[in-house]
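Student: sequence and predicted structure are below.
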Amino acid sequence: MRIPLNIEKTGFVTTIGTIRSERLRIFKSIKFILDTGSPKSFLSELDAHLLNIPFAKLNFTESALLGGTKIALALIDVSISFLDEKNNVKKYNPKNFYVAKGMWTKHGIVSATPSILGSDFLKETEMALYFNPSKSIAYLEKEENTTETDK
Amino acid sequence: MPSIIDKVLNMSELECAAKMKENNEWLQEKYEKLQEKYANKFIAIDNKEVVAIGNRPEELINRLKERNIGIESLLIEFIPEKGLILIV
């Protein structure tokens, strides 16, 4: 099974994931930057604000430096679905998926950090990355004997 | 009667992701033109058109909320000026 990735005009490698949480009552497709240099996967502060995720109720237990910006991270329980190369929905329930919040930004200012799929996501979902920029080919691949939900 | 949130929650992942994909393909196709027009701004794209602009993320969020625009397949993007490289 392959999940196609986009090589964008900015040079970023991205994919569209749709996050859902019945408990938080959220549902939205998100553009994630695939960043194997990031050990954590997270939803950006901007996306979280759009989804009205209640920051005051989150437990920000971890912090990280991202390109000189300090962010705090709180775990959230969501499912993330992707479309494979045949447009089948592949749904994952990551154990470690966070919401990010800028720590050096003033009150009322939203950090511009993007939503990231990091190496933890690839490890947890047992997906491998194929990236050949000279041929503009990029995808995530997983062997078919999966236990994840195919919808 | 289902609320707007219930209607959104009942959307399928396939439907939502397909719309988002279309928005992103449109962005890539029009990138240079959008860069000329919206350099260093945050933009929101829905149904293959720019529906809101902001100098800062919070400005864009406020505009979207004021206009009550559906967010489920809304694409948010920062458009850097030509020559400015984004690194995360």
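Tutor: Happy to help now that I have it.
Student: how about B:C16, secondary structure?
Tutor: With DSSP: H, G, I helix; E, B strand; the rest coil as the basis, B:C16 sits in helix.
Student: that one and B:E72, how far apart?
Tutor: 5 Å (Cβ to Cβ, to the nearest Å). All C-beta spots, glycine's among them, are computed from the backbone N, C-alpha and C.
Student: and stretch A:93-104, does that touch chain B?
Tutor: No: Stretch A:93-104 stays clear of chain B (Cβ under 8 Å from any Cβ of the partner chain), getting no nearer than 9.7 Å.
Student: distance of A:G17 from A:A128?
Tutor: 17 Å.
Student: ok, and the helix or strand in chain A with the lowest average confidence?
Tutor: The weakest-scoring helix or strand in chain A, judged by mean pLDDT, DSSP states H and E, is strand A:149-150 (a mean of 57).
Student: coming back round to it: who's more crowded, A:G17 and A:A128?
Tutor: Between A:G17 and A:A128, counted using other Cβ atoms under 10 Å in any protein chain shown, A:G17 has the larger neighbour count: 27 against 11.
Student: my read is that the more buried one contacts A:L117, right?
Tutor: Yes: using Cβ atoms under 8 Å, A:G17 is in contact with A:L117, at 7.2 Å.
Student: shared neighbours of those two, anything?
Tutor: By Cβ atoms under 8 Å, 6 or more residues apart in numbering or on different chains, A:G17 and A:L117 have these common neighbours: A:F32.
Student: find the residue at the geometric middle of chain A.
Tutor: Central residue check for chain A by Cα atoms, centre = their mean: the C-alpha nearest the mean position is that of A:L117, 3.8 Å away.
Student: could you find the closest non-adjacent residue to that one?
Tutor: A:F32 (4.4 Å; Cβ to Cβ, 6 or more residues apart in numbering or on different chains).
Student: again, but for A:N6
Tutor: A:T14 (4.9 Å).
Student: that concludes my questions; thank you for your assistance.
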